[in-house]
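**Student:** What follows is a predicted structure for the sequence shown.
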Amino acid sequence: MAVVVGSAALAFGVASCFQGLRLLPYVVPIGALLAGAALGAETVSILYGIPLLSTGPSMIVALVVGLIFAALSHAHYHSTIIAMAGLAGFVLGSVWLTASGHAAVGFPGGFALAVVFAMAAAFLPRALFVLVTAAMGGLLAVVGMLLIGGWISIDDRGVATILHAPRAWALGWGGITALGAAVQVLTMPGGKASGS
């Protein structure tokens, strides 16, 4: 299961990181699908005390919740973009602060960055979407590679490992993010990342 999840995360992460702005109409519902599936799987795991995606019914619940999220994202596209930008800001802020040894301010710091990202997304600047898709795609790509290689698992221990990531992982994520953002800017129509 870890290899399947890791392969999906790696493929989606690479596509989002290097072509996120061009693929935004597709990234939004797929991202919503993955977020909904994660929420559904985690809910079943907490309610029944079983590992993530370890049974057929838990996989069905994850798929159904993911499809509901994807349908909602299609019906409310602009609101979903703002929400996803806010979520990306929270993840980036909280993970970075926690991994750098400032776990006490991980939640408020992540929340503050979420507000900044959501407000910026409300005005639809292309630069923000390049940054967010490159950063989130880079993170997914790194997590996918770690899952495939067996360095982390998809249970709570794996999440804890990511939150206390070794410096090499963080540097790899930063490098992939910078490269992905550069590729997006260079291949963008007009070559500019500003405007909407």
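**Tutor:** Arrived safely. Since we're looking at a predicted model, the values are computed, not measured.
**Student:** Could you double-check that Met59 lies in contact with Leu53?
**Tutor:** Yes. Checked against CB atoms under 8 Å, the pair Met59 and Leu53 is within contact range at 5.5 Å. Bear in mind the C-beta positions are built from the backbone N, C-alpha and C, glycine included.
**Student:** Now do Gln19 against Leu87, distance only.
**Tutor:** 20 Å (CB to CB, to the nearest Å).
**Student:** Kindly report the same for Phe123.
**Tutor:** 18 Å.
**Student:** Ala114 too?
**Tutor:** On the measure of CB to CB, Ala114 and Leu87 end up 7 Å apart.
**Student:** same question, Ala103
**Tutor:** 20 Å.
**Student:** next one: Ile30
**Tutor:** Going from Ile30 to Leu87 by CB to CB gives 14 Å.
**Student:** element containing the residue nearest to Gln19 when sequence neighbours are not counted, please.
**Tutor:** Distances taken as CB to CB, 6 or more residues apart in numbering put Gln184 closest to Gln19, at 6.8 Å, once the chain neighbours are dropped. Taking DSSP states H and E as the criterion, Gln184 maps to helix 167-186.
**Student:** Now do the contacts for Gly150.
**Tutor:** By CB atoms under 8 Å, 6 or more residues apart in numbering, the contact set of Gly150 is Ala2.
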